[in-house]
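In: Sequence isn't available, so here's the structure alone:
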């Protein structure tokens, strides 16, 4: 039995998110079907986490177990031959028998792109939020830093759709980095290497929000970005962020921005060869 780890990139525009949904085109559903063709087995694909409808990924991670004699290289070639061009397998490797893409994830990094120019180039509109009006970058940067640390993010999470599930959810999350970059005026963050980006460094008309944490709640990043935009427009102040976190009330946190600017950049796991438990990006 092999446990195969996949690193996956996808354009989420035409998909109803990661998770299998009856009658809908999803990334997990598509992978499951293509792997069934390759292995002639009923394969279960486990992802590091769900991405919503319209959200993209550069470093999504998944794993599946199989009795197939196909090698990881065979799986990479076979999957890329059968999947649509909007989904690519960046790497396939054999993982240890206990590896699980979701339960062993140590950290995830998301980025959200904001296009600040007057006209969005037609080649970018699927991947950015267009915000041409005045925004206070310094205030937004200060507000972004207020999310670092361990907090109850009830105010910045969408409902699961079930009151019973919402009551039982653990809403505390640990955020390690929350940073806004204006690409025209600041160098890339040391934590955001050029090699990590799915495209060349954004130009002078683009801002990029970077958030890295242990795990995230539904719509959490998009609601955080909505709150940062409220600060940038002068509707609230950076000092309001701790207050909103303390309220633990979804209705108070402001808008949820659209999904197309959001991308799952990378997922980190403990290095199994390192006894000190260091992490590495997928």
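Out: Right, received. Where do you want to start? Only a predicted model underlies this, so the values are computations on that prediction, with no experimental measurement involved. Numbers count the residues shown, from 1 in each chain.
In: now the nearest residue to residue 44 once chain neighbours are set aside: how far from residue 25?
Out: Nearest residue to residue 44, sequence neighbours excluded (CB to CB, 6 or more residues apart in numbering): residue 64, at 6.3 Å. Placement of C-beta: from N, CA and C, glycine included. Distance check for residue 64 against residue 25: by CB to CB, to the nearest Å, it reads 19 Å.
In: Counting neighbours, go ahead and name the busier of those two.
Out: Of the pair residue 64 and residue 25, residue 64 is the one with more neighbours under other CB atoms under 10 Å, namely 20 against 12.
In: helix, strand or coil for the more buried one?
Out: Going by DSSP: H, G, I helix; E, B strand; the rest coil, the secondary structure assigned to residue 64 is strand.
In: tell me the pLDDT at it?
Out: What the model reports as pLDDT for residue 64 is 98.
In: which residues does it contact?
Out: 3, 4, 6, 35, 43, 44, 45, 46 (CB atoms under 8 Å, 6 or more residues apart in numbering).
In: gap between stretch 115-132 and the chain center?
Out: In terms of CA atoms, centre = their mean, to the nearest Å, the centre of stretch 115-132 is set 20 Å apart from its chain centre.
In: which parts of that stretch are buried?
Out: Buried residues in stretch 115-132, counted by 16 or more other CB atoms under 10 Å: 115, 116, 120, 124, 127, 128, 129, 130, 131.
In: Run a quick neighbour tally on the closest residue to residue 34 other than its chain neighbours.
Out: Spatial nearest neighbour of residue 34, excluding adjacent residues (CB to CB, 6+ apart): residue 82 at 4.7 Å. Using other CB under 10 Å, residue 82 has 14 neighbouring residues.
In: Please report how far residue 82 lies from residue 108.
Out: With the distance defined as CB to CB, residue 82 ends up 27 Å from residue 108.
In: OK, contacts around the residue nearest to residue 34?
Out: 34, 37, 38.
In: What does residue 72 show for phi and psi?
Out: Phi and psi for residue 72, reported as degrees, to the nearest 10, are phi -50, psi -40.
In: hang on, I meant residue 111
Out: phi -130, psi 150.
In: Give me the below-cutoff pLDDT ranges for the chain.
Out: 160-168, 183-203, 272-282 (pLDDT under 70).
In: Out of all residues in it, which is the farthest from the middle?
Out: What lies farthest from the middle of the chain is residue 69; by CA atoms, centre = their mean that is 32.1 Å.
In: what separates that residue from residue 98, distance-wise?
Out: In terms of CB to CB, residue 69 sits 22 Å off from residue 98.
In: Bridging across strands, which residues link to residue 130?
Out: Beta-bridge partners recorded for residue 130 (DSSP bridges): residue 115.
In: sorry, back to before: now that we have the contacts of residue 82, which one has the most neighbours?
Out: residue 34 leads these on contacts (other CB under 10 Å) with 22 neighbours.
In: just checking, that residue touches residue 80?
Out: No: the criterion here is CB atoms under 8 Å, and residue 34 misses it with residue 80 at 9.8 Å.
In: Can you point out the buried residues in stretch 205-220?
Out: 205-213, 216-217, 219-220.
In: One more: stretch 59-75?
Out: Using 16+ other CB under 10 Å as the test for burial, stretch 59-75 gives 59, 60, 61, 62, 63, 64, 65, 66, 68, 70, 72, 75.
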